[in-house]
Every structure is written in C-alpha cells, then in structure tokens.
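*Asks:* Build me a model:
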Amino acid sequence: MNEILNCVLMHPSDQITLIISRIYRRGMTTTSGGNISIIDENGDIWITPSAVDKGTLTAADIICVKSDGAIIGKHKPSSEFPFHKAIYDNRPDLKAIIHAHPPALVSFSIVRQIPNTNVITQAKNVCGSIGYADYELPGSKALGEKIAAEFKKGYKAIIMENHGTVLGGSDLNDAYDRFETFEFSARAILFSKSLGNTNYLTDQQIDAYDSQLPGLMPEMETVVYPPDETVKRTEICNIVRRACRQGLMISSYGTVSVRWKKNDFLITPTHLSRWNIMLEDVVQIKDGKREPGKIPSRAVMLHQKIYEQNPHINSIIITQPPYLMAFGIGNTKFDVRTIPESWIFLQDVPILSYGSQFETETIIPSILSKTPAIIVQNDSILVTGDKLLQTFDKLEVAEFSAKSLVLAAPLGQLVPINDTQIEELRKAFLG
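*Replies:* The predicted model follows:
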C-alpha cells in the first residue's frame, strides 16, 4: 500500500488497510489486536474483520455492515463492532474510529490513570480532553454503552480501563493523528519518569503558545521551479516520510527545511499530516516571501533567522522523537558522552527553557552557531547540518543515544567518556 497517498481520497477498505498496516508496523497493535472502522455517507460501517492477521490485511478482508444490518464480506466483523456502532449512533460528527492496545497507553490503562497530554505544546489541541471508560467484557453491549456514554460527553479520545484506548475523528486521517499523538505523549511521559522527572505545561502556557501564531509572509507575485528546486522538494518529502516510518516524527508535528539559494529555502507546510506530504505541498520561501497559496510551517521565521545568521547550516529538522522528548519533558541533562559516535555527531545538546522557541532573533540562531542540536523544553528538538541526510543522521544518533540513556537508567548512573577521551575524539575527528 502506497503510504504517500491521502487516505481520505481512497475507498474505505483501502483507507482502513493502509492505517491498520501503519499501526501494526509501528508496533502499536498486535496480529490479533485492535480494530478500525469508517462510517460512510450512507450510514454503512466499514470495519476490520475478526481473527484475521493485522500484518497482512488487504482491502478484500474489510467488512461492510450495512445500515440495515446486512453483512458483506468474507469474514466476520470485529467482535468490537457493537461499541463502534454505539459511538456512531451517539456522535454523528465522528466518521472514523480506531481502537488498539498500544503499549504506552495500555500502561496507563492497567494502572487506571489518564495521561496528561500537557507535556507537549500541540498534544492537548490534537487529543482534546481525555475520557475514561470503566471495564466491561470485550465485545459486550455493556462495554459499548460505557464507551458511547463517554463519547457522548464530547471526548474524542478515551482510556479503556484494563483494555487500551479508543479514538474518533472527522475522518480516518484525523483519528490516526489523534491516536499517534496520544501514544507518543504516553511514551514520552513514561520515558521521562524513568529519568526521574516530568514537567507539565499549564493550560495558560499552551494558550500563550497558540497566540504566538506568526503573521503570514507576503506572497510572491511569480514563482519558478527549476530542476534543482524540485530535487530539494523530493529530498524533503523522502526524509519526512522516513522520519514518520521510523518513529522520529508524528503526523501532527514536524518541520523540515533545506536552504536553496543564498537565504532562500524550502520548508514543509502547516496543517498537513506528515505521512501524506507530496512535492506540491512543500513551500518555497524566496526573498522573505512565500509561495502563492501555501502556508508554511509556523516555525518559518525561526528557520529564516537560522539560515541568515548561520551560513554553514543548509538544512534543519524540528521534531519530537519520544526518547529525546523524555529529556525535554523532564528537563534532564542530555549527556551525549555515551559512545564516541554520539559525541562526534552532537558534541553538546543544551536544553532551552520553554518559550525560547519564540525568541527567533537571538537565542536559538546564536546557539546553533556553536552546536548542531538543541532541545526546547516541552516542545521539540532542533537539529541542523549541511546536507539533509547528514542532519537526519544526527537526529537518528541523538534519538538512539537518548534511548540508551533511558534504558540504562534502571541499571545505574551514566559513566561518561572522560575529558581526556573527549579531547582525543576532538583532535581525531573534529580537527
């Protein structure tokens, strides 16, 4: 299944097949677990089948339960169909539902807690307030009633006690964005707790973040797309999709840009699922103006200032990998003196206080003149480099390093490479 397609333009069976395959490959469901449904304009519900391998589902396996109750398909519909139907009956604004047992959210489910999504600036806006459904027998009418009652309160995301999670959306893309962001938030919280500290944003801080929307750049009167520009668009799209596949970026957040000529550059747009990015979505920024009819990332002014003040930087990635964000959420020192590769690629990665991401003209561009990466507390990691693939490599190394530190936390305290060894690395690899 081609993941660069916008799934809402596809047949419901193809949409469901694409998204369940993505969820399975990302380790957010098992062979037998989870189910997805879509209700179409006729009131027919398309749903994953019961007892069919989630890793090999095809469009032919998806079941249609007609509005009159007739079942069309070669399998039985999911055993959880009753609660899907109950949700649609109570929430006509929802057109797609995802239920699964992703490990981090199940962790909260089995200790009967609701994750506080105020750990990341955009997570609360994507997930909304979270409901909680008490335990009932899977597939039972009682479970459907409990879940539907929570959705009736206006929630779009719910923790199911000792079971998992269920989320709804205006379409399947919307539901998946919410699902992925919710699981990401849960992972980041758990990883930060293993480091000993978790810092949450207040609603006022999130509201202040939302109010910091930059004014739109003026539009260009004319735009040209020479071959070298198209090459850079392709490079951006490939890296964004790769980051999504590898869990280094989620559908609701992530920005990539590449310098084109002088201080002109190309950047990803806002309000687009990162999984679905196409060449024509990328926004050209030239002479401080944007490509006509397109809205660049809200971080566009930060990217522009970084390029203007740092001629050695030719590519930028801003994203939220869960292990790195454990350090940002916990405001815990991210010490990359773990193995030689980590220090050579990253040297030191400072953590800036929340809010510094808005001070585009001073703090961040200046720091990036001396170090290739920074973490902004409760916001993101920003990685820079020459070629985009090199920048992506640094991001991978940083996330692997963060993962090693999180996994090592129960074993004991980091014993870092010492100052003498660091100086040897500096002379050998950095001149």
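*Asks:* Report the contact partners of T117.
*Replies:* If you count contacts by C-beta atoms under 8 Å, 6 or more residues apart in numbering, T117 has them with 123-124, 127, 130, 181-182, 185. C-beta: built from backbone N, CA, C; applies to glycine.
*Asks:* Which residue ranges of this structure form helices?
*Replies:* Assigned by DSSP state H, the chain shows helices spanning 12-25, 81-90, 103-110, 123-127, 141-152, 172-195, 203-211, 227-245, 300-309, 322-330, 340-346, 363-367, 388-408, 419-429.
*Asks:* Those: lowest mean pLDDT?
*Replies:* Mean pLDDT is lowest for helix 203-211 among the helices of the chain, at a mean of 84.
*Asks:* Determine which two of the contacts of T117 are furthest apart.
*Replies:* Comparing all pairs in the contacts of T117 by C-beta to C-beta, the longest separation belongs to I130 and T181, at 11.7 Å.
*Asks:* of all the contacts of T117, which comes closest to E136?
*Replies:* I130 (18.4 Å).
*Asks:* What's opposite the closest one in the beta bridge?
*Replies:* Beta-bridge pairing for I130 (DSSP bridges): A157.
*Asks:* Quick one: neighbours of it, just the number.
*Replies:* By other C-beta atoms under 10 Å, the residues close to I130 number 21.
*Asks:* what's next to stretch 345-360, contact-wise?
*Replies:* Stretch 345-360 is contacted by residues 201, 205, 212, 299, 301-302, 305, 327-328, 331-334, 336, 363-364, 367, 371-381, 393-394, 397-398, 401 when judged by C-beta under 8 Å, 6+ apart.
*Asks:* Would you mark the buried spots in it?
*Replies:* Across stretch 345-360, burial judged by 16 or more other C-beta atoms under 10 Å covers 345-347, 349, 351-352, 354-357, 360.
*Asks:* again, but for stretch 97-106
*Replies:* Buried residues in stretch 97-106, counting neighbours by 16+ other C-beta under 10 Å, are found at 97-102, 104-106.
*Asks:* tell me how far the ends of stretch 152-167 are from each other?
*Replies:* One end of stretch 152-167 sits 13 Å from the other (C-alpha to C-alpha, to the nearest Å).
*Asks:* Just the buried residues of it, please?
*Replies:* Going by neighbour count (16+ other C-beta under 10 Å), the buried part of stretch 152-167 is 155-160, 163-167.
*Asks:* next one: stretch 70-81
*Replies:* Neighbour counts over stretch 70-81 (16+ other C-beta under 10 Å) mark 73, 77-78, 80-81 as buried.
*Asks:* if we can go back for a sec, list the ones among the buried residues of stretch 152-167 that fall in strands.
*Replies:* The strands, defined by DSSP state E, take in 157-160, 164-167 from the buried residues of stretch 152-167.
*Asks:* where along the stretch 251-400 of the chain do the strands fall?
*Replies:* Counting by DSSP state E, counting those that start in this stretch, the stretch 251-400 of the chain has these strands, from start to end: 255-259, 265-267, 283-286, 289-290, 315-319, 351-352, 373-376, 380-385.
*Asks:* Let's have these in TSV, adding mean pLDDT and distance to A408.
*Replies:* Converted to TSV, these look like this (pLDDT from 0 to 100; distance: least, C-beta to C-beta, whole Å):
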stretch	mean pLDDT	distance to A408
strand 255-259	98	30
strand 265-267	98	36
strand 283-286	98	40
strand 289-290	96	44
strand 315-319	98	23
strand 351-352	92	19
strand 373-376	95	18
strand 380-385	96	19
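*Asks:* mind giving me CSV with those and columns for distance to A59?
*Replies:* Formatted as CSV, the strands of the stretch 251-400 of the chain follow (distance: least, C-beta to C-beta, whole Å):
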stretch, distance to A59
strand 255-259, 31
strand 265-267, 35
strand 283-286, 33
strand 289-290, 38
strand 315-319, 32
strand 351-352, 46
strand 373-376, 42
strand 380-385, 36
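*Asks:* Thank you kindly, that will do.
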